Each structure stands twice: as C-alpha cells, then as structure tokens.
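Enquirer: Let's see this in three dimensions:
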Amino acid sequence: MALPQRHRLKGQRVFDRIYQKGRKTHGPFLSLRVLDALPQLLPAKQQASAPSNWRCGVVISSKVHKRSVRRNRLRRLIHDHLLGQQIGDGQGCLWLLLSLKPGSAEQSPEALLGECSQLLQQAGLTR
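Expert: Here you go, the predicted model:
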C-alpha cells in the first residue's frame, strides 16, 4: 500500500525547515526529525488538501544503497509501517522526516521497522 497523498511531505522549503528546526532522535540506522507543522511552507496543492495529524518524508541517499530500486523498496517499507502507527494523537499537526543511515540497507526489515517504532516512541509520538 502506498502512502496516501495527504500524508506525504513535499517541498524544498519544508525539508529545509525540518533540517534547521526539527527535534532530532537518532538510532543506529535511522534518524528522526519532528517539527510542528507550518502549512504556509507547503506547496499550494498540499495547502488546499484536507489536513491530517501528520505528514512524513523518508530520505534515503545513494550512500545507503546504490540501486534506486532498493532505495524505493525501503522507502515504501517505512511508509507502510508509519500508516499502521498511531502517530501524534492530540498533539496537533506534525511533520516527520526519517533518514536512513549508510549500512541500513543490509539490515533486516524487522530490525529497521523495530528501530522506527522505537524512535517514534522515544520522540513521544506513540505509546
């Protein structure tokens, strides 16, 4: 299942703002940044869409894996996992940015998803 449009995070200004001001939580293979949403930074099409509790972007550089097919599979794996989580209930609208670190492509999917859940819990976004 692909991530619905209402949960995808887009726009260079949005990503720049998250990198500058987002709260960071790090694990061995993933890094999570969280920021309270600023809808005026979103592209016009996303501003008009229905608001959701959270939006997420997943960043996977070519240092993680050289093949784009593998990077896209990892991205879909993370997005699908996030859809099954109860993220930020009652905390307003949040922006999340998950970055995979080099070496994470060699890990099992269970290990990556477990670390993702652990980072969300450390950040206080899930129980």
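
Enquirer: for the helix or strand encompassing Leu112, packing partners?
Expert: Secondary structure assigned from DSSP states H and E places Leu112 in helix 109-122. Here helix 109-122 touches strand 23-26, strand 30-36, helix 68-83, strand 94-100, going by 3 or more Cβ pairs under 8 Å, 6 or more residues apart in numbering; DSSP states H and E. Using the backbone N, CA and C atoms, a C-beta is placed for each residue, glycine as well.

Enquirer: now the angle between strand 94-100 and it, please.
Expert: Here the directions of helix 109-122 and strand 94-100 differ by 140 degrees (axes from the mean of the first three to the mean of the last three Cα atoms, to 10 degrees).

Enquirer: tell me which residues in helix 109-122 are buried?
Expert: By 16 or more other Cβ atoms under 10 Å, the buried positions in helix 109-122 come out as Leu112, Leu113, Glu115, Cys116, Leu119, Leu120.

Enquirer: Convert it to PDB, retaining C-alpha atoms only.
Expert: Output in PDB follows, covering the C-alpha atoms of helix 109-122 (Å, rounded to 0.1, in the frame of the first residue of the first chain):
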ATOM      1  CA  PRO A 109      13.200  -5.300   7.500                       C
ATOM      2  CA  GLU A 110      12.100  -6.300  11.000                       C
ATOM      3  CA  ALA A 111      15.200  -4.600  12.500                       C
ATOM      4  CA  LEU A 112      14.500  -1.300  10.600                       C
ATOM      5  CA  LEU A 113      10.800  -1.300  11.500                       C
ATOM      6  CA  GLY A 114      11.600  -2.000  15.100                       C
ATOM      7  CA  GLU A 115      14.000   0.800  15.300                       C
ATOM      8  CA  CYS A 116      11.500   3.100  13.500                       C
ATOM      9  CA  SER A 117       8.900   2.300  16.200                       C
ATOM     10  CA  GLN A 118      11.400   2.800  18.900                       C
ATOM     11  CA  LEU A 119      12.400   6.200  17.600                       C
ATOM     12  CA  LEU A 120       8.700   7.300  17.400                       C
ATOM     13  CA  GLN A 121       8.300   6.200  21.000                       C
ATOM     14  CA  GLN A 122      11.400   8.000  22.200                       C
END
